[in-house]
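Visitor: A predicted structure for the sequence below; I have some questions about it.
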Amino acid sequence: MTNQFKKKVIDIKKFIDYQENSIVSKVFAEKENTSLTLFAFDKDQVIATHTAPVDAVVQILEGSLKITISDENFALKEGEIIIMPKNEPHGLKAITTTKILLFKV
């Protein structure tokens, strides 16, 4: 884990800002096949369909996001989470400006 975040209280929603027509990310912790990353998506920004070798949990901090997992669509809003199973194709699209936490576990 990055030492700058240890033993600190962080207002996670205020820790990252939106950028027009972009996706911004900040890695909080990373080890071998696990990580904790904060993302800020401008409206309509997309992470293309891909696979990952580990399960990933997405938590919506604000806004709304469409996630496609193995051709099944899910609409998530603030406060909701979903698990994206390892090795299954998945992609994300911000419906509104959206902030998420991504936990690779």
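Guide: Thanks, I have it.
Visitor: Now do the contacts for residue 59.
Guide: 80, 81, 100, 101, 103 (Cβ atoms under 8 Å, 6 or more residues apart in numbering). Just so you know, the C-beta spots here come from the backbone N, C-alpha and C atoms, and that holds for glycine as well.
Visitor: ok, those residues vs residue 90, which is closest?
Guide: Residue 90 lies nearest to residue 100 out of the contacts of residue 59, by Cβ to Cβ, at 13.0 Å.
Visitor: Is the closest one part of a helix or strand, or is it coil?
Guide: strand (DSSP: H, G, I helix; E, B strand; the rest coil).
Visitor: CSV for the contacts of residue 59, including pLDDT?
Guide: Formatted as CSV, those follow (pLDDT from 0 to 100):
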residue, pLDDT
80, 98
81, 97
100, 98
101, 97
103, 95
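Visitor: any idea which of the residues you listed has the most stuff around it?
Guide: residue 100 (24 neighbours; other Cβ atoms under 10 Å).
Visitor: correct me, but that one touches residue 57?
Guide: No - applying Cβ atoms under 8 Å, one finds residue 100 not in contact with residue 57, separated by 10.0 Å.
Visitor: before we move on, the earlier item: which of the contacts of residue 59 lies closest to residue 49?
Guide: Relative to residue 49, the closest of the contacts of residue 59 is residue 100; by Cβ to Cβ it sits at 16.9 Å.
Visitor: distance of that closest one from residue 32?
Guide: Residue 100 sits 22 Å away from residue 32, taking Cβ to Cβ, to the nearest Å as the criterion.
Visitor: For this structure, which segments are assigned as strands?
Guide: Ranges of strands in the chain, per DSSP state E, are 23-31, 34-41, 46-50, 56-62, 64-69, 72-77, 81-84, 90-94, 98-104.
Visitor: Specify the angle between the third one and strand 34-41 in degrees.
Guide: Just to be clear, that refers to strand 46-50. Comparing the axes of strand 46-50 and strand 34-41 via axes from the mean of the first three to the mean of the last three Cα atoms, to 10 degrees yields an angle of 140 degrees.
Visitor: which parts of strand 46-50 are buried?
Guide: Across strand 46-50, burial judged by 16 or more other Cβ atoms under 10 Å covers residue 47.
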